[in-house]
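next come a sequence and a model predicted from it.
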Amino acid sequence: MNEIFDRAFGFVASKTGSATNASWLAYRMLFAPGMIGRTREWISRHRATAAFYNARRRVPAYREFLTRHGATDPRRFEEIPPMDKRNYITQWPIELRCQGGRLPLRDAVIDESSGSSGTATNWVRGAAERAATRRLIQYSTRATLGDDGFILLNCFALGPWATGMNVSMSLVERSLVKSIGPDAAKALATLELFGPTYKYVIAGYPPFLKSLVDSTDFDWAPYDISAIVGGEGMSEPLRAALNTRFRRTISCFGASDLEINLAVETPFTMALRESIASNERLAGDIYGNEGLPMVFQYDPLLTYVESDAERSLLFTLNRLENVSPRIRYNLHDRGVVRTVAELEPILRDHGLTPRAMGLTVALPVMFHWGRQDSSVAFYGCKITPEDVQHALLRLAPTMGAVASFALHPFEDAAANKRLEVWIEMERGVAPPVDRDAATADVLRELAAVNQDFRESAKMIPAALQPTAVFYAFGDGPMSGQDVRLKRRYIM
């Protein structure tokens, strides 16, 4: 019976291709505001179901995963157990997580991600999924930047990391690409070389772009430059600071675990975020009592996105061709999703309409608050409390015992993203006398336990490097936390 369902849903999926497989006109028609909303949702869910049946039939590790969780034949999609790195990715060899139980030895690439736990994770991607990613990036670029050609300066980290190389490979058909990496001097030299005759797009992490636009010896005025940012959230003051040099700054959402550019800011989502920031009641009506999120739209035919009871986002990649399928994958990012149809009456109650706010394509909206594990995004890397704890334990023999610590991300008066590590020494242990040397020790050990930070630290200007702030026992901002409750590590 399972085989019959697997093949039947595979047929359904093959006849309801992703919007990225359709023509640009068909894409616009399918997602025009007010058009066949329920049909789009039905197709998205059934594509996800098809991906599940295909993975169950073709992927040895996934069959064992379902057996281990007592879910060999779930009756509803919500009964399928979510997967994540801990319960699935690290439990089986890469080969068993691939379709057919083997690596594709031709026309495939291996991306690397994270490393914050001490071991980098590798992801195998075949030709079909890379082609789909390429089309998605090209469509979103066309939707946000128009049809004109441009020179792309790719300043994301290159090498094995997913974002940098995939951006270059995807946009070479749409633009003239120079892959620079996070090197401000080379980016500015390239702008000077080709001059202001051309339009430019610079892609990179938000803090890198901030350091780039702060260059005082470059005349930005005659240049037409847009920016694409990713890897971490972006405040509106930071966007405003970037837009003193750029025509516009657009943020994208993606993950090496899944795909880059899963979601993107649009004129509608940027207007919606500005409205939320200035109207606390509107924010409450949309998603309740939370801070200001990033707001994106995404293609529901490509990705089926859910939010569980803890507001963890679950992603199903809706393609049968993916070498290593991800079904209800828990990225441990906090967020919720809303359809445009759900948002319309709420906005109307506040005197707003989607069309007046710039809505042209009725894609679902994702509200995203960052990682559930309390990590901090900084210069494209993720720093977790576990990383800091590990680093401090390595320093304990020389620096002394630590009672508590916290990560303090903030923006300074110039809208630079900054990070302080607050460290409260144990009772009877004096804070280090040489604070600068102790800070250097903390950053060195943090780099030793977190590969992402080690690489990102190379592109952080010296004046903006994280700093450690030391307190005597009982004097720190994190003192006095109720021991019966979970500690707050982000302050």
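Noted; the coordinates are in hand. Nothing here was measured: the structure is a model prediction, and the numbers come from that model. Residues are numbered from 1 along each chain as shown.

residues contacting the closest residue to residue 290 other than its chain neighbours?
Closest residue to residue 290 apart from its sequence neighbours, by CB to CB, 6 or more residues apart in numbering: residue 369 at 6.2 Å. Heads up, the C-betas are built off the backbone N, CA and C, glycines and all. Contact partners of residue 369, counting by CB atoms under 8 Å, 6 or more residues apart in numbering, are 290-291, 293-294, 311, 333-335.

including distance to residue 210, could those residues go into JSON lines?
Shown next, in JSON lines, are the contacts of residue 369 (distance: CB to CB, whole Å):
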{"residue": "290", "distance to residue 210": "25"}
{"residue": "291", "distance to residue 210": "21"}
{"residue": "293", "distance to residue 210": "21"}
{"residue": "294", "distance to residue 210": "17"}
{"residue": "311", "distance to residue 210": "29"}
{"residue": "333", "distance to residue 210": "23"}
{"residue": "334", "distance to residue 210": "25"}
{"residue": "335", "distance to residue 210": "25"}
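
which among these count as buried?
293-294, 311, 333-335 (16 or more other CB atoms under 10 Å).

pick out whichever of the contacts of residue 369 sits closest to residue 226.
For the contacts of residue 369, the residue nearest residue 226 by CB to CB is residue 294; the value is 18.2 Å.

residue 279 versus residue 355, what's the distance?
Noted for residue 355: a distance of 19 Å to residue 279, by CB to CB, to the nearest Å.

and if you look at residue 196?
Separation of residue 196 from residue 279 (CB to CB): 39 Å.

and residue 489, by the same measure?
30 Å.

who has more neighbours out of these two?
Set side by side, residue 489 and residue 279 show more neighbours around residue 489, with 20 against 15, by other CB atoms under 10 Å.

got a list of what the more buried one touches?
By CB under 8 Å, 6+ apart, the residues touching residue 489 are 374, 385, 388, 405-407.

low-confidence regions, the stretch 251-400 of the chain specifically.
By pLDDT under 70, the weakly predicted segments of the stretch 251-400 of the chain are 374.

quick one: the strands in it?
For the stretch 251-400 of the chain, the strands defined by DSSP state E, counting those that start in this stretch cover 263-264, 294-298, 303-307, 312-317, 329-338, 365-371, 376-378, 381-383.

what's the answer for the stretch 101-250 of the chain, then?
108-114, 120-126, 151-154, 176-179, 199-204, 224-229, 248-253.

mean confidence for the third one?
When you say that, I think you mean strand 151-154. Taken as a whole, strand 151-154 has an average pLDDT of 90.

list the neighbouring strands of that strand plus their orientation.
Here strand 151-154 is paired, per DSSP bridges, with strand 176-179 (parallel), strand 199-204 (parallel).

take those and write them to a markdown table, including mean pLDDT, mean neighbour count and distance to residue 283.
Converted to a markdown table, the strands paired with strand 151-154 look like this (pLDDT from 0 to 100; neighbours: other CB atoms under 10 Å; distance: least, CB to CB, whole Å):
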| stretch | mean pLDDT | mean neighbour count | distance to residue 283 |
| --- | --- | --- | --- |
| strand 176-179 | 87 | 17 | 39 |
| strand 199-204 | 90 | 25 | 29 |
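
make TSV from those and add distance to residue 459 to it.
Converted to TSV, those look like this (distance: least, CB to CB, whole Å):
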stretch	distance to residue 459
strand 176-179	15
strand 199-204	9
